[in-house]
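Enquirer: model the structure of this input:
(one chain, ligands or ions: 1)
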Amino acid sequence: MRIYKNFINNDWVGAISGKTFPVDNPATEEVFAEVSRSGTRDIDAAVVAAGSAFNGWRLTDPGSRREILKEIAKKTVEHGDEVAKLITQECGKPFVEAQDEIDVIASNFEYYAELGRDQIGRIVAPTSSRSMSLVKYEPYGVVGCIIPWNFPMALMAWKVAPALAAGNTVVLKPSEVTPVSILKWAEMTCDSLPSGVLNIVNGYGKEAGSPLVEHPDVPVVAFTGSIATGTIISQLAAKNLKKVSLELGGKDPVIICADCDIEVAAKGAAWGGFMNAGQVCTSVERVYVFDEVADSFTEALVEEAKKVNIGDPMDANTDMGPMASSVQYEKAHEKVGLAVEQGARLLTGGGRPEVFDKGYFYAPTVFDNMTAEMELMNEEAFSPVVPIQKVKSLEEAIEFSNATKYGLGCSIYTKDIELAMTAADDIKAGSFWINNPLSENNAAPFGGMKMSGQGRELGIEGLDEFREPKHILIDYRQEKKDWWFPYGSDGE
Ligand code: ADP
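Expert: Down below sits the predicted model:
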């Protein structure tokens with residue numbers, strides 16, 4: 001069995017303790033790799049490497065930095081299928097979805113390679129003549145990136161590409177559930193990076209993640225994961241007043257208006273709810289359907305749920321693989337049980353499909369008869385479970401949509417521009433999708449309002465997370481100013 005090591009100073013090194021941890025395939029429950037189980041000393045070594053590389057990287061010609069990042073994008077495409085197979089093997093998502101992640105890495109590195117070269121500051125109108133005010137954006141230093149298991153590669157790229165493009169160096173801690181694809185990707189694509197610019201240290205959250213967050217020489221931490229872990233990270237980082245960007249959970253509503261095309265809306269809701277087995281922070285987590293179309297929409301969604309092809313995620317015909325881990329499977333099943341207990345009506349799914357005797361497969365699940373106070377309408381399920389609640393009007397849908405602590409995304413299906421744009425104005429969410437759920441754009445910001453996070457990824461906003469502005473004032477004339485001492489008229 002292959003043992004994967006840490007990547008520090010462009011070298012592959014085992015954890016100082018010599019320990020490893022296992023990574024399994026959620027479709028077969030078989031362990032297929034061992035990975036270095038790191039701790040504080042390994043993080044220290046990586047931060048020293050990144051710190052030593054910082055000045056060189058910061059001062060690298062922007063044009064050369066662009067070339068290096070573009071080279072990573074090119075090699076990512078060349079080795080894409082090999083890396084995508086590992087994503088599927090450790091995460092369980094269908095191969096076609098893993099290939100999408102490869103596209104995301106390549107396009108992100110391309111996008112930020114250009115943006116980082118092009119956007120370095122601005123000139124501000126000065127307050128006096130013969131002078132100039134420049135605003136220059138500078139990198140912070142060593143950036144710590146901590147990422148989850150549901151999009152192990154895409155969420156890596158969303159952080160690492162802009163952090164490097166802005167001139168920072170990086171220490172990355174992958175999720176302990178899905179570290180292998182990242183390590184393989186680094187092995188195959190990152191040889192053009194100068195030593196120490198990107199370092200990858202593996203391990204568990206408390207053992208390797210916390211020391212990274214607390215390290216005094218890491219001024220910025222970028223994290224994607226649960227609200228619970230995000231809160232811990234925020235508290236740890238506050239001790240040194242670090243800058244933190246957090247992309248946390250969601251409870252994204254989808255609003256089905258009476259005028260919409262039911263078939264399209266049902267297909268969209270099924271894809272949005274069951275893609276990656278519902279383990280997407282912007283999954284469809286709750287449906288608010290107008291009374292008039294509730295029965296027809298519910299029937300259509302149940303049909304779509306039953307049609308989802310569950311199976312071997314490497315099979316090209318598979319729509320949905322297993323959940324990523326036994327922990328996720330158990331959490332999903334508990335939430336489904338609670339919904340039944342609270343009076344929700346289970347229309348389809350609700351457990352492991354009978355054809356599987358192993359693997360963390362969970363059938364696409366649909367509930368109706370939901371009411372606003374039920375837990376499944378309020379707490380993130382992060383599983384292939386879609387609950388439906390009826391609403392009388394758009395006002396009611398907006399009120400319910402805003403009633404949770406989350407504010408990540410929201411979708412609506414309608415042809416009525418007034419309904420769509422009123423909801424877009426009034427619902428607190430970082431992304432709002434009209435008739436096209438879960439669609440990202442490299443050039444547009446992504447992130448959460450309320451407890452779904454702080455800061456943004458993608459777009460110019462995603463670059464701004466990793467650089468700080470400096471105002472430089474230039475006065476062409478060296479002469480005493482009228483407003484200096486002495487203030488009194490006795491002075492010269
Ligand atoms: P989930 O609960 O969905 O597995 P988490 O938010 O706990 O997601 O994990 C996301 C990432 O955060 C992983 O890389 C994990 O190792 C890391 N992590 C978990 N706990 C901590 C912690 N206390 N400090 C730093 N990182 C952590």
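Enquirer: gap between Gln328 and Ala277?
Expert: Applying C-beta to C-beta, to the nearest Å, the value for Gln328 to Ala277 is 8 Å. Every residue, glycine included, has its C-beta placed from N, CA and C.
Enquirer: who has more neighbours out of those two?
Expert: More crowded of Gln328 and Ala277, by other C-beta atoms under 10 Å: Ala277, with 34 against 23.
Enquirer: domain assignment for the protein?
Expert: Domain ranges of the chain: 2-248+448-473, 253-434, per automatic domain parsing.
Enquirer: and those: which comes nearest the ligand?
Expert: domain 2-248+448-473 (2.2 Å; C-beta to the nearest ligand atom).
Enquirer: let me know whether stretch 445-462 sits next to the ligand.
Expert: No: Stretch 445-462 stays clear of the ligand (C-beta under 6 Å from any ligand atom), getting no nearer than 11.9 Å.
Enquirer: end to end, how far does that stretch reach?
Expert: 7 Å (C-alpha to C-alpha, to the nearest Å).
Enquirer: tell me the mean pLDDT over it?
Expert: Averaging pLDDT along stretch 445-462 gives 98.
Enquirer: what's it in contact with?
Expert: Contact with stretch 445-462 is made by 108, 112, 115, 119, 158-159, 162, 222, 227, 230, 244-250, 281, 405-408, 428-431, 440-444, 464-465, as judged by C-beta atoms under 8 Å, 6 or more residues apart in numbering.
Enquirer: could you dump the domains of the chain into a markdown table with distance to Glu479 added?
Expert: As requested, these are exported to a markdown table (distance: least, C-beta to C-beta, whole Å):
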| stretch | distance to Glu479 |
| --- | --- |
| domain 2-248+448-473 | 10 |
| domain 253-434 | 50 |
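Enquirer: if we can go back for a sec, what do Gln328 and Ala277 both touch?
Expert: In contact with both Gln328 and Ala277: Ser383, using C-beta under 8 Å, 6+ apart.
Enquirer: which parts of the chain are helices?
Expert: 40-58, 62-78, 80-91, 95-118, 154-165, 180-189, 210-214, 227-238, 262-274, 294-307, 326-341, 394-401, 417-426, 459-464 (DSSP state H).
Enquirer: kindly export the fifth one (C-alpha atoms) in PDB.
Expert: By that I understand helix 154-165. Only the C-alpha atoms of helix 154-165 are listed here, as PDB (Å, rounded to 0.1, in the frame of the first residue of the first chain):
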ATOM      1  CA  ALA A 154     -11.700  22.700  -6.200                       C
ATOM      2  CA  LEU A 155     -11.700  24.200  -2.700                       C
ATOM      3  CA  MET A 156      -7.900  23.900  -2.600                       C
ATOM      4  CA  ALA A 157      -7.600  25.800  -5.900                       C
ATOM      5  CA  TRP A 158     -10.100  28.500  -4.700                       C
ATOM      6  CA  LYS A 159      -7.600  29.400  -1.900                       C
ATOM      7  CA  VAL A 160      -4.100  28.400  -3.200                       C
ATOM      8  CA  ALA A 161      -4.400  30.000  -6.600                       C
ATOM      9  CA  PRO A 162      -5.300  33.500  -5.400                       C
ATOM     10  CA  ALA A 163      -3.000  33.200  -2.400                       C
ATOM     11  CA  LEU A 164       0.000  32.400  -4.600                       C
ATOM     12  CA  ALA A 165      -1.000  34.900  -7.300                       C
END
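Enquirer: do that helix and the ligand meet?
Expert: No: counting by C-beta under 6 Å from any ligand atom, no contacts exist between helix 154-165 and the ligand, the nearest distance being 9.6 Å.
Enquirer: can you state the direction angle for that helix and helix 62-78?
Expert: For helix 154-165 against helix 62-78, the angle by axes from the mean of the first three to the mean of the last three C-alpha atoms, to 10 degrees is 160 degrees.
Enquirer: next one: helix 154-165 to chain centre, how far?
Expert: From the chain centre to the centre of helix 154-165 is a distance of 10 Å (C-alpha atoms, centre = their mean, to the nearest Å).
Enquirer: ok, residues contacting that helix?
Expert: By C-beta under 8 Å, 6+ apart, helix 154-165 touches 57, 65, 69, 100-101, 104-105, 108-109, 111-113, 115-117, 143, 145, 147-148, 170, 172, 174, 182, 193, 197-198, 220, 222, 224, 247, 446, 457-458, 462-463, 465-466.
Enquirer: ends of stretch 438-449, what's the gap?
Expert: 16 Å.
Enquirer: next, the buried residues of it.
Expert: Across stretch 438-449, burial judged by 16 or more other C-beta atoms under 10 Å covers 438, 440, 442, 445-449.
Enquirer: beta partners of the residue nearest to Leu458 when sequence neighbours are not counted?
Expert: Spatial nearest neighbour of Leu458, chain neighbours left out: Phe446 (4.7 Å); criterion: C-beta to C-beta, 6 or more residues apart in numbering. With DSSP bridges as the criterion, Phe446 is bridged to Glu457.
Enquirer: just to revisit the earlier point, closest to Pro486 out of the domains of the chain?
Expert: domain 2-248+448-473 (21.1 Å; C-beta to C-beta).
Enquirer: just checking the distance from that closest one to the centre of its chain.
Expert: Averaging C-alpha positions (C-alpha atoms, centre = their mean) puts domain 2-248+448-473 11 Å from its chain's average.
Enquirer: go on, stretch 358-374?
Expert: 24 Å.
Enquirer: wait, Arg66 touches Arg117, no?
Expert: Yes: contact status for Arg66 versus Arg117: in contact at 4.2 Å, counting by C-beta atoms under 8 Å.
Enquirer: how about the residues of the protein by the ligand?
Expert: 146-148, 173, 175-176, 204-206, 209-210, 213, 225-226, 229, 232-233.
Enquirer: show the buried residues in these.
Expert: Judged by 16+ other C-beta under 10 Å, buried ones among these: 146-148, 173, 175-176, 205, 209-210, 213, 225, 229, 232-233.
Enquirer: returning to that earlier point: nearest to the ligand among the buried residues of stretch 438-449?
Expert: Gly448 (13.8 Å).
Enquirer: list the backbone torsions phi and psi for the closest one.
Expert: phi -110, psi 150 (degrees, to the nearest 10).
Enquirer: any idea how far it lies from Val386?
Expert: Separation of Gly448 from Val386 (C-beta to C-beta): 20 Å.
Enquirer: now Ala363
Expert: Counting by C-beta to C-beta, the gap from Ala363 to Val386 is 12 Å.
Enquirer: these two: which is more packed in?
Expert: Val386 (32 against 22).
Enquirer: could you find the closest non-adjacent residue to that one?
Expert: Gly273 (4.0 Å).
Enquirer: how many other residues sit next to that neighbour?
Expert: Gly273: 31 neighbours (other C-beta under 10 Å).
Enquirer: quick one: contacts for it?
Expert: 283-285, 364, 384-386.
Enquirer: ok, those vs Lys358, which is closest?
Expert: Closest to Lys358, out of all of the contacts of Gly273 and judged by C-beta to C-beta, is Pro384, at 18.2 Å.
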